[in-house]
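Trainee: need the 3D shape of this:
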Amino acid sequence: MRQTNPPMAPSNEATSEQLDVARSQGNVYHQAMQAMAEEEGAHTAQVDDYLVGFVHEEAEGMYALDGDSLVWREADDDANAHLEVAVADAVDGRFVPGLDVHLELSRDGTPVCATTP
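Mentor: Residues are numbered from 1 along each chain as shown. Below you'll find the model as predicted:
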């Protein structure tokens, strides 16, 4: 992957005020990712242009998109884990929308399950 960094100086792409807004958004999202990183079982790492956070927790309910609305869904009775992944731009710290995230879990080197977008 070719690594590129978004410009963080005023240009024809963004004014100084727009860059201030981007930094402000990035700071707030960074605080959320920091709280996630402090949870037991959490890991964070920079991967190419991204900062990726991952945490493994006990099963819990969560909001899910249902058409155009968010609805609360309780965890299934047989659920045993809740996995969270958060991704931010490594330069300005903002949330990266529209990503397809693929997750593959293994135990002792043997695949357990995988998600596909």
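Trainee: element containing Tyr63, please.
Mentor: strand 62-66 (DSSP states H and E).
Trainee: quick check, distance from that strand to the centre of its chain.
Mentor: Averaging C-alpha positions (Cα atoms, centre = their mean, to the nearest Å) puts strand 62-66 16 Å from its chain's average.
Trainee: what are the pairing partners of that strand, and which direction each?
Mentor: Using DSSP bridges, strand 62-66 pairs in its sheet with strand 69-73 (antiparallel).
Trainee: can you give me the mean pLDDT across the partner strand?
Mentor: Strand 69-73 shows a mean pLDDT of 94.
Trainee: now do stretch 94-111
Mentor: Taken as a whole, stretch 94-111 has an average pLDDT of 84.
Trainee: related to what we said a few turns ago, CA atoms of the strand holding Tyr63 as CSV?
Mentor: Taking Å, rounded to 0.1, in the frame of the first residue of the first chain, the C-alpha atoms of strand 62-66 are listed here in CSV:
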residue,chain,number,x,y,z
MET,A,62,-25.2,-2.7,20.9
TYR,A,63,-26.8,-0.4,18.4
ALA,A,64,-27.2,-1.6,14.9
LEU,A,65,-28.2,0.1,11.7
ASP,A,66,-31.7,-1.1,10.6
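Trainee: who's in contact with that strand?
Mentor: Contacts with strand 62-66, where a contact means Cβ atoms under 8 Å, 6 or more residues apart in numbering, come from Leu70, Val71, Trp72, Arg73, Ala75, His82. Quick note: C-beta positions are derived from backbone N, CA and C, even for glycine.
Trainee: so the nearest residue to Leu83 once chain neighbours are set aside, which of the three states?
Mentor: Closest residue in space to Leu83, ignoring its immediate chain neighbours: His56 at 5.8 Å, by Cβ to Cβ, 6 or more residues apart in numbering. Here His56 is strand, with the state taken from DSSP: H, G, I helix; E, B strand; the rest coil.
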